[in-house]
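# Give the three-dimensional model of this entry:
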Amino acid sequence: MLIEKAARDLAAARNVVALTGAGISIGSGIPPFRGKGGLWEKFDPMQYASIDAFMADPEKVWREFIGELKVVIDNAQPNAAHMALARLERLGMLHTVITQNVDGLHQAAGNTTVIEFHGTFTRQRCTDCAALSATRDVDLSRLPPRCWCGGVLRPDWVFFGEMIPSVELDRARQSAAGCDLMLVIGTSALVQPAAYLPVIAREASARVIEINAEATPLTASVSDYLIQGKAEAMLDQILGALEALRPDGPPHPG
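Purely as a prediction, here's the structure:
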């Protein structure tokens with residue numbers, strides 16, 4: 001079975017990197033941006049998630065989009081898939097998580113080396129002085145919310161129309177090129193340049209294991225194999241199989 005194969009591949013790997021997308025956080029109640037039931041079915045991204053739209057009318061974007069997202073993410077908790085990746089790190093197997101998500105759930109689960117490819121929603125940044133504020137502490141009684149200096153607060157993420165920070169892009173590429181196994185979890189593999197990271201890993205002779213609810217553009221040409229299903233269930237089964245191979249390791253938390 002592919003579950004056991006993935007466990008054996010993980011046990012043999014020296015440097016594992018995980019690339020995660022929206023699918024890993026669906027189990028935490030956070031809707032994806034793309035696809036069926038995604039936020040872009042409800043919101044036009046150019047009207048609500050572009051830097052031009054935000055700067056033109058931050059009150060509207062906060063009232064109709066960002067404020068609603070804040071409520072969802074403020075109440076979200078890591079699910080079994082996040083916890084499994086944190087456990088892989090504690091076992092000394094997973095070195096880096098590269099995430100396209102902005103929800104901060106990998107850190108909340110316990111992962112310590114997380115490259116947030118698209119920034120984070122857990123912080124807000126002042127458009128004037130660049131001071132950072134925890135999103136949970138932002139007061140929505142006045143929109144748009146403002147910094148102590150009077151500047152408008154914005155998510156510390158990458159809006160449409162903005163560039164991915166070069167430092168994070170370089171870190172992600174180096175991690176992909178240096179791993180010998182990449183787990184690709186819950187990503188549609190449609191958004192560049194993140195979708196190219198598994199290609200970098202494969203070109204560096206790493207194994208690429210895809211864990212997704214459905215096939216992606218990577219499945220036929222880049223991934224060694226696809227384990228199809230929900231991230232929480234598949235990762236939990238893989239961890240169980242892995243620990244059966246490691247009787248000396250800490251017990252599986254059930």
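# how far away is the residue nearest to residue 195 when sequence neighbours are not counted from residue 175?
Once flanking residues are discounted, residue 195 sits nearest to residue 189: 4.5 Å by CB to CB, 6 or more residues apart in numbering. C-betas here are computed from N, CA, C, even on glycine. For residue 189, the distance to residue 175 equals 17 Å [CB to CB, to the nearest Å].
# Could you verify my assumption that residue 23 touches residue 216?
No: using CB atoms under 8 Å, residue 23 is not in contact with residue 216; the gap is 10.0 Å.
# Spit out the residues that contact these two alike.
Here residue 23 and residue 216 share the contacting residues 187, 188, scored by CB atoms under 8 Å, 6 or more residues apart in numbering.
# Residue 199 should be in a helix, yeah?
Yes: counting by DSSP: H, G, I helix; E, B strand; the rest coil, residue 199 is part of a helix.
# how about the helices in the stretch 1-150 of the chain?
Along the stretch 1-150 of the chain, the stretches classed as helices by DSSP state H, counting those that start in this stretch are 2-12, 39-42, 45-48, 51-56, 58-61, 67-74, 80-90, 105-109.
# Adding mean pLDDT and mean neighbour count as columns, could you present those helices in CSV?
As requested, the helices of the stretch 1-150 of the chain are exported to CSV (pLDDT from 0 to 100; neighbours: other CB atoms under 10 Å):
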stretch, mean pLDDT, mean neighbour count
helix 2-12, 95, 17
helix 39-42, 64, 15
helix 45-48, 76, 16
helix 51-56, 96, 16
helix 58-61, 96, 18
helix 67-74, 91, 16
helix 80-90, 96, 23
helix 105-109, 97, 22
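# I'd say the residue nearest to residue 195 and residue 198 touch.
Yes: if you go by CB under 8 Å, residue 189 and residue 198 touch, sitting 7.3 Å apart.
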